[in-house]
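# I'd like to go over a predicted model; first the sequence, then the structure.
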Amino acid sequence: MMLADFKVAGVQMVSGEDLEQNLKRAEYWVTQAAEQGAQLIALPEYFTLLHHDERAKFEIAETYGDGPIQQRLASLARKLNIWLVAGSLPLKGRQSDHVTNTTLVFDSEGLCIARYDKIHLFSFQKGEECYNESASIEAGTQPICFDTPWGRVGLGICYDLRFPELFRGLDNVDLLIVPSAFTVPTGRAHWEVLLKARAIENQCFLLAPAQGGHHESGRKTWGHTMTLDPWGEKLAELETGEGIIVAELKVSRFVEVRQQLSSWLHRRL
């Protein structure tokens, strides 16, 4: 049960091929969101790097719990007194030729209190546009929730959105956060309807920070960073380009939806 009203923010980025510049942009937008009163702020998938060379992520991959990127994120959360959901970044996998695509969560003291490795790996081909994450990314195996002062939060990353059983299996969350980097063809066709479905069927708030624009690597991402309420209604949206959205999540709205249509309690399978 959601414990208190709070403000969340989603950061939309157009990450490039320079790690330092990407980190500076992320820090800038997180700071802007904190100045607008956001207490929990989420970055998009691949916020650290979107490179034309898929092997580039191996050069920045860190061991979990140790490395300058993680230290910098922890310091930012502590400095701004916020909870920071660090989109996704590469961490070293069990195999030397694979990394994980990982969301890390830092509390307001800078402690890493949750790790989620992307479970469902994206594969897509249309003409010359082709992606195969499993070639270099090691799939996660464990769904993850974490508790905050305001309520319980569940995590997914991008392609996970297409697998409702992942989110249904989470432990009665109040908020889902799904950092993403949807392609333009799949985003135009399915992004909004998938977000709405996950919010509606789980009767919870949903925050989806995204990559959104034309990247230095040549890649194009859909954007449309969005926050939805448990009825599937939009609270905030940013279509393209870098920026932030801020929205207040209210306990009264959460309770209203679950009381007027108690589908969460009516499950049989």
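Noted; the coordinates are in hand. Just so we're clear, the structure is a prediction, and the values are computed from it rather than from any experiment.
# got the CA positions of stretch 79-87 in PDB?
Provided in PDB are the C-alpha atoms of stretch 79-87 (Å, rounded to 0.1, in the frame of the first residue of the first chain):
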ATOM      1  CA  LYS A  79      24.500  15.500  -2.500                       C
ATOM      2  CA  LEU A  80      21.000  16.200  -3.700                       C
ATOM      3  CA  ASN A  81      19.300  14.100  -1.000                       C
ATOM      4  CA  ILE A  82      17.300  12.100  -3.600                       C
ATOM      5  CA  TRP A  83      16.600   8.500  -4.500                       C
ATOM      6  CA  LEU A  84      18.300   7.900  -7.900                       C
ATOM      7  CA  VAL A  85      17.300   5.100 -10.200                       C
ATOM      8  CA  ALA A  86      20.300   4.900 -12.500                       C
ATOM      9  CA  GLY A  87      18.600   3.900 -15.800                       C
END
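# in it, what's buried?
Across stretch 79-87, burial judged by 16 or more other CB atoms under 10 Å covers 80, 82-87. Glycine gets a C-beta too; all of them are placed from N, C-alpha and C.
# residues contacting the one residue sitting closest to the centre of the chain?
When the chain is reduced to its mean C-alpha position, the nearest residue by CA atoms, centre = their mean turns out to be Pro179, at 2.0 Å. The neighbourhood of Pro179, defined by CB atoms under 8 Å, 6 or more residues apart in numbering, consists of 42-45, 47, 85, 87-88, 103, 157-158, 208-210.
# Quick one: end-to-end length of stretch 183-190, please.
For stretch 183-190, the first-to-last residue distance is 10 Å (CA to CA, to the nearest Å).
# Also stretch 178-189?
End-to-end distance for stretch 178-189: 18 Å, by CA to CA.
# quick one on the thing from earlier: which ones among the buried residues of stretch 79-87 lie within helices?
Leu80 (DSSP state H).
# what's the helix or strand for the residue nearest to Glu237 when sequence neighbours are not counted?
The shortest distance from Glu237 to any non-neighbouring residue, by CB to CB, 6 or more residues apart in numbering, is to Met226 (4.8 Å). Assigning secondary structure by DSSP states H and E places Met226 in strand 225-228.
# which is the next helix or strand following that strand?
Past strand 225-228, the next helix or strand by DSSP H and E is strand 234-238.
# Report the buried residues of the helix or strand just after that following strand.
Following strand 234-238 in sequence order, the next helix or strand is strand 243-249 (DSSP H and E). For strand 243-249, the neighbour count (16+ other CB under 10 Å) marks 243-247, 249 as buried.
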